[in-house]
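Trainee: Structure for this input, please:
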Amino acid sequence: MSTHFTYTISSICFDENYQPADSTRITTNFANLARGASRQENLRNTLRMVDSRFNALANWDNPKGDRYSLELEIISVDVDIKGNGEHFPSIEILKTNVIDHKTGKSIEGIVGNNFSSYVRDYDFSVLLLDHNKGQHSFSIPDNFGDLHGKLFKDFLNSDTYKENFSKPPVVCLSVSDNKTYHRTENKHPVLGVEYLPNESSLTELYFKKMGFDVRYFMPPNSVAPLAFYFFGDLLSDYSNIELISTIGTMETFQKIYRPEIYNANAVAGNHYKPNLKHRDHSLTQIVYDREERSQLAIKQGKFAEENFIKPYQTVLEQWSQNYA
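Mentor: As a prediction, the model looks like this:
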């Protein structure tokens with residue numbers, strides 16, 4: 001069925017002068033770095049880490065390790081449900097562009113990378129918490145993630161997406177500390193060694209409803225696998241340069257946010273169980289408050305409930321039932 005929802009895209013450069021927009025979720029990775037007294041130094045150090053990781057992986061014809069730099073663009077997507085010009089901030093993703101200083105060319109990278117959404121905050125930090133209050137065992141509400149998944153697919157199928165982006169998104173997340181990952185013999189020159197999880201996770205289920213498949217790879221000289229969520233064929237649909245742009249960016253974020261896993265002093269073995277209490281790790285010089293971030297997720301979930309889920313409930317339910 002054709003949608004009557006309208007999507008609007010805006011973008012802002014993520015550089016050392018970046019200031020989060022008012023509509024940006026403040027728990028978003030990049031917004032979190034751009035706050036407080038150390039904001040400019042945080043941003044500068046982060047971007048430096050991204051570039052050096054990129055050059056380390058894109059090391060052919062790059063003898064000094066300084067051939068490339070990355071330009072990052074934050075893409076904000078607003079949705080207009082009723083076609084009356086009232087917009088709600090739907091999702092935020094990150095687009096990479098690679099600057100080749102040898103040829104002077106700009107190479108389009110990957111869109112996706114980081115993924116944030118107010119409706120996801122509502123699902124995980126309001127709906128799921130309320131559903132499990134007072135329960136003896138953890139369970140998932142019926143239709144959990146259905147609406148969010150359909151909204152995301154609707155955006156991907158929209159003219160707005162197709163006019164702005166040439167390929168489907170790839171989202172790169174941390175591994176789950178509830179699972180064990182087993183190393184395989186499969187190895188890719190850029191993505192590295194593939195790992196397989198012992199079971200599925202709630203995040204996997206949630207992203208599956210958005211249409212994503214997932215594979216886990218530990219890139220060369222990394223210490224832990226990353227989760228790559230994608231459409232189609234991750235290994236053949238994207239060039240090495242495109243994949244490196246995602247690894248360079250998202251591994252840097254994970255080193256800052258989850259140093260126990262991604263800045264650990266020992267490399268993941270054949271059977272790997274991530275541990276957020278792991279003490280043998282190094283800290284980056286970048287200031288970040290993980291505790292505050294989880295509290296803000298609840299606030300932002302409630303914002304979505306008050307400003308999107310409740311006011312548009314009838315329209316969203318009807319639309320969701322008819323969405324094919």
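Trainee: Helix, strand, or coil at residue 214?
Mentor: Here residue 214 is strand, with the state taken from DSSP: H, G, I helix; E, B strand; the rest coil.
Trainee: for residue 95, same thing?
Mentor: strand.
Trainee: same question, residue 187
Mentor: strand.
Trainee: ok, now which ones touch it?
Mentor: Shown in contact with residue 187 (C-beta atoms under 8 Å, 6 or more residues apart in numbering): 193, 194. All C-beta spots, glycine's among them, are computed from the backbone N, C-alpha and C.
Trainee: 6 Å instead?
Mentor: If a contact means C-beta atoms under 6 Å, 6 or more residues apart in numbering, then residue 187 has residue 193 as its contacts.
Trainee: Past whichever strand or helix holds residue 55, which element shows up next along the chain?
Mentor: Assigned by DSSP states H and E, residue 55 falls within helix 39-57. Beyond helix 39-57 on the C-terminal side, the first helix or strand identified by DSSP H and E is strand 68-80.
Trainee: one step back: enumerate the positions of the helix holding residue 55 that are buried.
Mentor: Buried positions in helix 39-57, judged by neighbour count with 16 or more other C-beta atoms under 10 Å: 39, 42-43, 45-47, 49-51, 53-57.
Trainee: Dump the residues you listed to TSV, plus distance to residue 304.
Mentor: Putting the buried residues of helix 39-57 into TSV (distance: C-beta to C-beta, whole Å) gives the following:
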residue	distance to residue 304
39	26
42	27
43	27
45	32
46	27
47	30
49	32
50	30
51	35
53	33
54	34
55	39
56	39
57	37
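Trainee: Which one of these is nearest to residue 171?
Mentor: residue 50 (16.8 Å; C-beta to C-beta).
Trainee: That closest one against residue 251, yeah?
Mentor: No. Counting by C-beta atoms under 6 Å, residue 50 stays clear of residue 251, with 8.8 Å between them.
Trainee: what's the overlap in contacts for those two?
Mentor: By C-beta under 6 Å, 6+ apart, no residue touches both residue 50 and residue 251.
Trainee: that older thread, pLDDT on the helix holding residue 55, on average?
Mentor: When pLDDT is averaged along helix 39-57, the result is 89.
Trainee: Run the chain-centre distance for it.
Mentor: The gap between where helix 39-57 is centred and where its chain is centred comes out at 18 Å by C-alpha atoms, centre = their mean, to the nearest Å.
Trainee: how big is the angle separating that helix from strand 68-80?
Mentor: For helix 39-57 against strand 68-80, the angle by axes from the mean of the first three to the mean of the last three C-alpha atoms, to 10 degrees is 120 degrees.
Trainee: Mind giving me the packing neighbours of helix 39-57?
Mentor: Other elements packing on helix 39-57 under the criterion 3 or more C-beta pairs under 6 Å, 6 or more residues apart in numbering; DSSP states H and E are strand 68-80, helix 240-257.
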